[in-house]
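Trainee: Quick one: sequence and predicted model below, then my questions.
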Amino acid sequence: MSSLVHASTSLLRTRAQFVRFVDHVQAICKSRVLFYTLSHDVPDLEQSVKQLTSCARESIGCLSGPLPLKRESSFFSCSVAVFEEDGCRPFSSLKTGEGPVQVGRWHAYRKKNDEDVIFDGLGGQRLDADVNWEELWNSKSSSRFLPQELQDTTNTQSFLYFSDSSSWNLASALHEHLPQSQQLGIVASSTPFVTGQPFTLVRNGKAQSTGAVGLALQSPPLDKVLRFDGLVQITPPLPVRKAEGNLIHELGDSLPARILLKAIQDHELPDAQAKDLDYYIGIRDATEGEKTHVTKLFPKVLRIVAGSPSQGSIAVEEVAAPPVGSLVEFYYRPKSSSAHLPLALLPQTCNATASDMLIGALVDNLDSNHLESSSLLSLSEPEDREKSATETYGSSFLVSTEHGFVLSAGPRGKALTPWKCTVPGTFGGLRFPLL
């Protein structure tokens with residue numbers, strides 16, 4: 001049975017609107033648990049956080065980035081979800097991982113040849129370093145990152161949490177401890193110029209700059225939601241022949257870096273345009289056959305972080321490369337493309353009724369240097385709504401994150417190995433039944 005009783009996202013313009021909003025949240029919370037995000041551009045930040053956290057005896061939250069919505073008047077946002085106490089267990093941890101994986105070492109001084117030019121900005125890392133992959137990718141090493149409050153839990157079906165940017169070991173530890181559970185981990189927004197801390201995670205009014213805060217739920221989600229936007233496919237599916245760690249050495253009958261270079265050349269992308277693109281691989285299991293190929297809904301899309309046509313291999317940002325036998329396609333996405341919320345997934349008015357609630361995150365694109373109305377499609381505004389009024393969209397808990405999210409749910413709620421998505425424009429989330 002679900003413990004979720006309420007979820008909504010509100011766009012507010014004034015301090016007075018926020019105070020009225022807090023009164024409404026407090027009436028809903030009573031003896032329940034509050035899960036929230038507050039955009040870091042809220043007026044009187046410290047006082048606002050105190051007021052919001054005072055709505056419930058137990059609260060879990062973070063500071064997030066502004067939602068990428070186009071409005072005539074400026075706004076700040078707050079998303080809240082309320083859970084029954086007996087259906088969830090709050091948790092927190094000060095350490096979630098060892099930081100991003102580094103492959104090889106920097107070689108800024110090495111001479112570049114012409115065919116390497118497309119990989120400018122992909123890391124410039126050597127791919128032939130002596131690395132003990134067996135030790136590095138040993139999942140047992142993640143067990144020490146399991147929060148103390150979850151050591152004895154056995155009936156958890158799903159996790160919702162906010163974290164710093166080093167959350168991979170936490171995600172692995174949760175999956176190792178409860179492999180049948182599903183999780184959505186949202187990386188909080190950077191706040192060094194707001195609070196003086198790299199991230200601002202909050203539990204019961206107490207802030208922490210590292211680790212994670214979250215909820216362990218006894219109920220599973222109904223399904224996952226995953227939408228990619230702006231990706232352009234440039235190769236057909238190719239089977240992985242050889243991979244090690246987060247490196248892919250062979251695809252089909254060729255080398256992956258050379259395949260990517262040829263695809264760029266075949267699509268006649270000028271050097272200037274090619275440098276303004278991020279490159280990705282989409283991964284699907286070969287056993288999924290033609291159905292997945294038709295729908296184009298891949299379980300994972302990973303950023304390429306390093307590669308050289310002269311060496312042939314590429315490195316992806318994931319902890320591990322796709323396994324041998326899986327199918328890979330190459331994509332690109334312009335760095336300047338804006339991110340927008342998928343309107344088809346969202347209710348259109350605050351009075352919308354729904355039998356389920358969506359909790360999800362959009363990977364925003366901070367590299368975008370233009371904000372066109374066509375790319376910043378917003379939630380529909382009722383024509384008779386006063387433009388300066390609060391806008392509340394029920395049944396949807398929406399977060400903007402420039403650092404990505406961790407998702408482990410598969411089709412029809414099936415649990416899968418967690419993976420971290422940092423592709424701008426991607427929306428990922430879980431749908432939960434309403435209590």
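Mentor: Everything's here; your move. Residues are numbered from 1 along each chain as shown.

Trainee: the longest helix in the protein is where?
Mentor: In the chain, taking DSSP state H as the definition, the longest helix is helix 15-29.

Trainee: Show residues contacting it.
Mentor: The list of residues contacting helix 15-29 from outside it, by Cβ atoms under 8 Å, 6 or more residues apart in numbering, reads 5-6, 10, 12, 34, 42-44, 48, 51-52, 54-56, 76, 78, 80, 82, 389-390. Where you see a C-beta, it was placed from the backbone N, CA and C, and this is true even at glycine.

Trainee: Please check these and keep the buried ones.
Mentor: Buried positions within these, assessed by neighbour count (16 or more other Cβ atoms under 10 Å), are 5-6, 10, 12, 34, 42, 48, 51-52, 54-56, 76, 78, 80, 82, 390.

Trainee: Could you list which of the contacts of helix 15-29 belong to helices?
Mentor: Helix and strand membership here follows DSSP H; of those, those in helices are 48, 51-52.

Trainee: And the helices in the stretch 251-400 of the chain, which stretches?
Mentor: 256-266, 271-275, 289-295 (DSSP state H, counting those that start in this stretch).

Trainee: picking that back up, just the C-alphas of the longest helix of the chain, formatted as PDB.
Mentor: Taking only C-alpha atoms (Å, rounded to 0.1, in the frame of the first residue of the first chain), the coordinates of helix 15-29 have been written out as PDB:
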ATOM      1  CA  ARG A  15       7.400  36.300   0.200                       C
ATOM      2  CA  ALA A  16       3.700  36.600   1.100                       C
ATOM      3  CA  GLN A  17       2.800  33.900  -1.300                       C
ATOM      4  CA  PHE A  18       5.400  31.600   0.200                       C
ATOM      5  CA  VAL A  19       4.000  32.200   3.700                       C
ATOM      6  CA  ARG A  20       0.500  31.200   2.500                       C
ATOM      7  CA  PHE A  21       2.000  28.200   0.700                       C
ATOM      8  CA  VAL A  22       3.700  27.000   4.000                       C
ATOM      9  CA  ASP A  23       0.400  27.300   5.800                       C
ATOM     10  CA  HIS A  24      -1.100  25.000   3.200                       C
ATOM     11  CA  VAL A  25       1.700  22.500   3.500                       C
ATOM     12  CA  GLN A  26       1.500  22.500   7.200                       C
ATOM     13  CA  ALA A  27      -2.200  21.600   7.100                       C
ATOM     14  CA  ILE A  28      -1.400  18.600   4.900                       C
ATOM     15  CA  CYS A  29       1.600  17.300   6.800                       C
END
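
Trainee: Tell me which residues are up against stretch 191-201.
Mentor: Taking Cβ under 8 Å, 6+ apart as the rule, stretch 191-201 contacts 40, 45, 61-63, 92, 162-165, 187-190, 207-213.

Trainee: That stretch: which residues count as buried?
Mentor: Across stretch 191-201, burial judged by 16+ other Cβ under 10 Å covers 191, 195, 197, 199-201.

Trainee: rewinding a little: which members of the buried ones among the contacts of helix 15-29 occur in strands, if any?
Mentor: 5-6, 10, 12, 34, 76, 78, 80, 82 (DSSP state E).

Trainee: how close does Ser435 sit to Ser10?
Mentor: To be clear, residue 435 is Leu; Ser isn't right here. Leu435 sits 21 Å away from Ser10 when distances are taken as Cβ to Cβ, to the nearest Å.

Trainee: For stretch 417-433, measure first residue to last.
Mentor: One end of stretch 417-433 to the other measures 23 Å (Cα to Cα, to the nearest Å).

Trainee: Tell me who's in contact with the spatially closest residue to Val187 that is not a sequence neighbour.
Mentor: Once its chain neighbours are removed from consideration, Val187 has its nearest residue in His403; the separation is 3.7 Å (Cβ to Cβ, 6 or more residues apart in numbering). For His403, the set of contacting residues under the criterion of Cβ under 8 Å, 6+ apart consists of 165, 187-190, 422.

Trainee: Next, the buried residues of stretch 149-165.
Mentor: For stretch 149-165, the buried set under the neighbour-count rule, 16+ other Cβ under 10 Å, comprises 150, 153, 156-165.

Trainee: So for stretch 315-327, what gets flagged as buried?
Mentor: 315-322, 326-327.

Trainee: Alright, that wraps it up for me.
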